[in-house]
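Engineer: Here is my input, please return the structure:
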Amino acid sequence: MSLVSPVYEQHYKDYLDKLAGLDFPALGPAVGCRVTTGPQGQGLEIPYFNRSYQVSPAGITDGSGRQPGYDTCIILCRYLIMAGDRSGKTVPDGGRQDDWAGFRDLKDSGPLTVYFKDNVETAIAGILAGKMPVSPETLVPLNACPPDMDLQYDLALKVDALPRVPMLLLVNDEEDGFPSSCSVLFQSGVEVWLDAECIAMAGYRLAEIIRKRFS
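Structural biologist: Numbers count the residues shown, from 1 in each chain. A predicted model of the protein is given here:
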């Protein structure tokens, strides 16, 4: 008996059908991904939180040739579908690189703001409470780097979820009776690349990676 939801399988197939209409050679440079050619035709190699995935109309696989989880598949597909149409044209770039916004300020984020606050920002604050300073080696899986800004936080990191979807992770540790706090910001215009639901799922993935590193 299959343990995979038939609803998920249908959604996955629908997304693969949409990928078949994309011009991968034209789309690759726009989304910051390498064009690949294999037995099943052309596709793209997409880095997602420092792990590479092969995406094509034939399917989505990780470095071991396995299909990743539902959330990863949907995010990778939406990233490509939102960036181009069947003629290979691409949408404009997002906002300024030094202009950041909270999740609640993003388009259509309203129904998900509580989820994002609880499962991403509050969760990360709890995981990292009492663990400052964080060594760079600990965060190697995130491929993170200090932002090119002078920010007064115990931890400030720019994390590339996808090539065109950076996140700004800001954390202050607990101190003098004040609890730890966390903000996860997104570059202005991120809605060009992902919808609010996918952005929330990417935030949750960030929290899960941090949880695994510090649990």
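
Engineer: can you map out the helices along this protein?
Structural biologist: Ranges of helices in the chain, per DSSP state H, are 6-19, 24-31, 70-83, 113-116, 122-128, 196-214.

Engineer: Take these and write them to CSV, including distance to R51 and mean pLDDT.
Structural biologist: Every C-beta, even on glycine, is put in place using the N, C-alpha and C of the backbone. Below are the helices of the chain laid out as CSV (distance: least, Cβ to Cβ, whole Å; pLDDT from 0 to 100):
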stretch, distance to R51, mean pLDDT
helix 6-19, 19, 89
helix 24-31, 16, 92
helix 70-83, 9, 94
helix 113-116, 22, 98
helix 122-128, 19, 96
helix 196-214, 10, 95
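
Engineer: do you know which of those helices lies nearest C182?
Structural biologist: For the helices of the chain, the distance to C182 is smallest for helix 122-128, at 3.9 Å, taking Cβ to Cβ.

Engineer: So which elements touch that closest one?
Structural biologist: Under the contact criterion of 3 or more Cβ pairs under 8 Å, 6 or more residues apart in numbering; DSSP states H and E, helix 122-128 touches strand 165-172, strand 181-187, helix 196-214.

Engineer: if we can go back for a sec, mind checking which of the helices of the chain is nearest C145?
Structural biologist: helix 196-214 (14.7 Å).

Engineer: What residues sit buried inside that closest one?
Structural biologist: Neighbour-count burial for helix 196-214 flags 196-210, 213 (criterion: 16 or more other Cβ atoms under 10 Å).
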